[in-house]
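Student: Okay, predicted coordinates and the sequence, questions at the end:
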Amino acid sequence: MLLASSATAGPVYQPPGANLTFGDVTHGQRVQSASTNPAAAAADLTRGREARTRGVVSSASVGLEYGNIQDLWDFYDEITKGYEPSDPGAGDGPGQNPGDKPGGGIDLGEIWDRVDPDVQDAIRALSDELARQVAIGAIIRAEGYGKAWIAVDLPFVTGTEYFGGAWTFGLNYSGSSKAFGIVDQIEFDADAAREALNDWLAQLPGNRPIQLPVSSDLQLYHDPATNGFGLGINNDSSLIAKSTRTTELSTGYSRIARSTESGNLFLGIRGHVYYKELSRISLRFGDITDSNELFDQIRNGDFRSDTRFGLDVGALWVANRYQLGIQVTNLNEPKFKFPGIDLDAYSAENIIEFLERDRTYKMDLQVKLEGSYFGRDRRWSAHIGVDADPATDPLGDEFQWLTLSAGFLADARWVQDIRFGYRENLAGSELKYVGAGLTAFRFLNFDVSSALDTVSIDGHKLPRGLMISLGFQVTW
């Protein structure tokens, strides 16, 4: 599986390295403090030559997140058995063979227990099954997704001022994959279905057709041998798999703008060059036979590449015991495009409109606020960071992070830094994470963050989300 977008200048999903625990704040304890707010490098450099804020860090981060559905892929494979396949050749997808789907639709059990049922009871039983399908659709929209990501980050902070300020450079690679369901509303007219059933019952038993359309989206399948019935659904509900690969080069400049007895104001700017590769597949429920295979194979799909430029700005007010900051990311809101999708198998206008709209990804402008308080000797610190508005990542997920964190400079023989953090997504999934990290042997960073909500996968109770970062740093 590919793995969520994590760029050095305000990643949408997760910050790199120690910032996975600290959050997107200028904590001042490690080199990566200067890879958050564009104004941070000059502030850290001014704080003193003895501070370990100049150097280079390499880190790798991975993570998984699942919707809260028991055995997610088995769930998809089971419910899609009742959906009608597309016309031959129109619904092909990697790892799928819709020709092997069992016929007869969803088994309705003993909706009718005799050849001539009461039509009202039949309609009531049919309506109950449709209500269940609508409920399943609501679950899919809210929880029916699986996501994975990986990121490799290499920020570099210079230890010497050039042109009156501090410079940062960064190289980042990230990859992400997500599969999620979109549900087309099932059209059902009880009066029309009742009339169709009456017409069917009015025929002699030997003349009754095996297939009985009861609406534009639904038909019943009658098995004369068992007198059983199945429900077939024919609409454009689909599973979408998306994947992105991003390589980013960035450079930033920051300097002091005003100095007073109460504190200093720092300003900064950072530019990015993004090279993005994007892939997307959409498959109607009727054509799915192995949803997990679809998710696994998306990384081998056709990628469309785009290169764009991005711009961030930031400001930081630094006093003796506290600091306040603001940054604005993606000022120019660069746009990227996924490959187009063959829409021949689709007829629902709302699904077609979504697939066309979903093709464009825009890096939303976002305002980020931060505040920090430090102990008298700066050995301990407390931080808060909050996104003032939500942003959307390339896979369509909304994020608006609130982070609370604290750190302590232990400077013991084996462990130098200890940190703890809490992060909550105020938009989208609304997941809550707790995290912890440490710096050992003066060069090794290890951080882990786990969602508080749980999900059952293959019979095991696991956190809905888990993120791990391992990094190495050299400072001077």
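Tutor: Okay, I see it.
Student: now for the helix or strand harbouring Lys242, which elements pack on it?
Tutor: Taking DSSP states H and E as the criterion, Lys242 maps to strand 238-259. Using 3 or more CB pairs under 8 Å, 6 or more residues apart in numbering; DSSP states H and E as the contact test, the elements touching strand 238-259 are helix 40-46, strand 166-182, strand 264-284, helix 291-297, strand 304-318. C-betas here are computed from N, CA, C, even on glycine.
Student: Show the subsequent helix or strand relative to the second one.
Tutor: It refers to strand 166-182. Toward the C-terminus, strand 166-182 is succeeded by helix 190-202 as the next helix or strand (DSSP H and E).
Student: got the CA positions of that following helix in PDB?
Tutor: Below are the C-alpha coordinates for helix 190-202, written out as PDB (Å, rounded to 0.1, in the frame of the first residue of the first chain):
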ATOM      1  CA  ALA A 190     -44.000   1.900  -3.300                       C
ATOM      2  CA  ASP A 191     -47.100   2.500  -5.400                       C
ATOM      3  CA  ALA A 192     -45.400   1.600  -8.600                       C
ATOM      4  CA  ALA A 193     -43.900  -1.500  -7.000                       C
ATOM      5  CA  ARG A 194     -47.300  -2.500  -5.700                       C
ATOM      6  CA  GLU A 195     -48.700  -2.200  -9.200                       C
ATOM      7  CA  ALA A 196     -45.900  -4.300 -10.700                       C
ATOM      8  CA  LEU A 197     -46.400  -7.000  -8.100                       C
ATOM      9  CA  ASN A 198     -50.200  -7.100  -8.700                       C
ATOM     10  CA  ASP A 199     -49.600  -7.500 -12.500                       C
ATOM     11  CA  TRP A 200     -47.000 -10.300 -11.800                       C
ATOM     12  CA  LEU A 201     -49.500 -12.100  -9.500                       C
ATOM     13  CA  ALA A 202     -52.300 -11.800 -12.000                       C
END
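Student: how about that helix: buried residues?
Tutor: Ala193, Arg194, Ala196, Leu197, Trp200 (16 or more other CB atoms under 10 Å).
Student: Report whether Asn332 is found in a strand, as I expect.
Tutor: No: counting by DSSP: H, G, I helix; E, B strand; the rest coil, Asn332 is not found in a strand; it is coil.
Student: My guess is Ser282 contacts Asp236. True?
Tutor: No: using CB atoms under 8 Å, Ser282 makes no contact with Asp236, being 9.5 Å away.
Student: Could I get the helices and strands packed on strand 238-259 in a markdown table, plus columns for mean neighbour count, mean pLDDT and distance to Ala391?
Tutor: Converted to a markdown table, those look like this (neighbours: other CB atoms under 10 Å; pLDDT from 0 to 100; distance: least, CB to CB, whole Å):
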| stretch | mean neighbour count | mean pLDDT | distance to Ala391 |
| --- | --- | --- | --- |
| helix 40-46 | 27 | 82 | 20 |
| strand 166-182 | 23 | 88 | 15 |
| strand 264-284 | 21 | 94 | 15 |
| helix 291-297 | 21 | 79 | 24 |
| strand 304-318 | 18 | 95 | 13 |
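Student: which one of these lies closest to Asn68?
Tutor: Set against Asn68 and scored by CB to CB, the helices and strands packed on strand 238-259 come closest in strand 166-182, at 13.2 Å.
Student: Export that closest one to CSV, keeping only CA atoms.
Tutor: Coordinates of each C-alpha in strand 166-182 appear next as CSV, following Å, rounded to 0.1, in the frame of the first residue of the first chain:
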residue,chain,number,x,y,z
ALA,A,166,18.3,32.9,8.3
TRP,A,167,17.7,30.4,5.5
THR,A,168,16.1,27.0,5.5
PHE,A,169,16.0,24.4,2.8
GLY,A,170,14.0,21.2,2.5
LEU,A,171,13.4,18.1,0.4
ASN,A,172,10.4,16.0,1.0
TYR,A,173,8.8,12.9,-0.6
SER,A,174,5.3,11.6,0.4
GLY,A,175,2.9,9.1,-1.0
SER,A,176,-0.7,8.3,-0.1
SER,A,177,-3.6,6.0,-1.0
LYS,A,178,-7.2,6.0,0.0
ALA,A,179,-10.3,3.9,-1.0
PHE,A,180,-13.8,5.2,-0.1
GLY,A,181,-17.4,4.7,-1.2
ILE,A,182,-19.8,7.1,-2.7
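Student: Listing partners with orientation, what would you give for it?
Tutor: If you go by DSSP bridges, strand 166-182 pairs up with strand 145-157 (antiparallel), strand 238-259 (antiparallel).
Student: Mean neighbour count, those: which tops it?
Tutor: strand 145-157 (a mean of 23; mean count of other CB atoms under 10 Å).
Student: Which residue is the nearest non-sequential neighbour of Ala406?
Tutor: Ala382 (4.8 Å; CB to CB, 6 or more residues apart in numbering).
Student: Sorry, slip of the keys, the one I care about is Gly340.
Tutor: Gly340 sits nearest to Arg359 (CB to CB, 6+ apart), 6.4 Å away.
Student: Let me see the contact set for Phe338.
Tutor: Lys242, Leu278, Ser279, Arg280, Arg304, Asp358, Arg359, Thr360, Tyr361 (CB atoms under 8 Å, 6 or more residues apart in numbering).
Student: what does Val328 give?
Tutor: Asp312, Val313, Gly314, Leu365, Gln366, Val367, Lys368.
Student: Thought Ala41 was touching the third one, still the case?
Tutor: No: using CB under 8 Å, Gly314 and Ala41 do not qualify as a contacting pair, with a distance of 10.1 Å.
Student: Need the overlap of contacts for those two.
Tutor: Shared contacts of Gly314 and Ala41 (CB under 8 Å, 6+ apart): Ser254, Gly268.
Student: What does the spatially most central residue of the chain show for phi and psi?
Tutor: The C-alpha lying nearest the average C-alpha coordinate of the chain belongs to Asp397 (CA atoms, centre = their mean; 4.7 Å). For Asp397, the backbone dihedrals (degrees, to the nearest 10) come out as phi -90, psi 140.
Student: On the pLDDT front, check it for me.
Tutor: With respect to pLDDT, Asp397 scores 90.
Student: Identify the residues contacting the closest residue to it other than its chain neighbours.
Tutor: Nearest residue to Asp397, sequence neighbours excluded (CB to CB, 6+ apart): Gly428, at 5.1 Å. Contact analysis of Gly428 by CB under 8 Å, 6+ apart lists Pro390, Asp397, Glu398, Phe399, Gln400.
Student: again with Gly437
Tutor: Ala18, Leu20, Thr21, Asp417, Ile418, Arg419, Gly421, Asn445, Phe446, Asp447, Val448, Ser469.
Student: What is the subsequent helix or strand relative to the lowest-mean-pLDDT helix or strand in the chain?
Tutor: Ranking every helix and strand in the chain by mean pLDDT, DSSP states H and E puts strand 106-107 at the bottom, with a mean of 63. Downstream of strand 106-107, the first helix or strand assigned by DSSP H and E is helix 119-143.
Student: got the angle between that next one and strand 166-182?
Tutor: Put simply, helix 119-143 runs at 170 degrees to strand 166-182, going by axes from the mean of the first three to the mean of the last three CA atoms, to 10 degrees.
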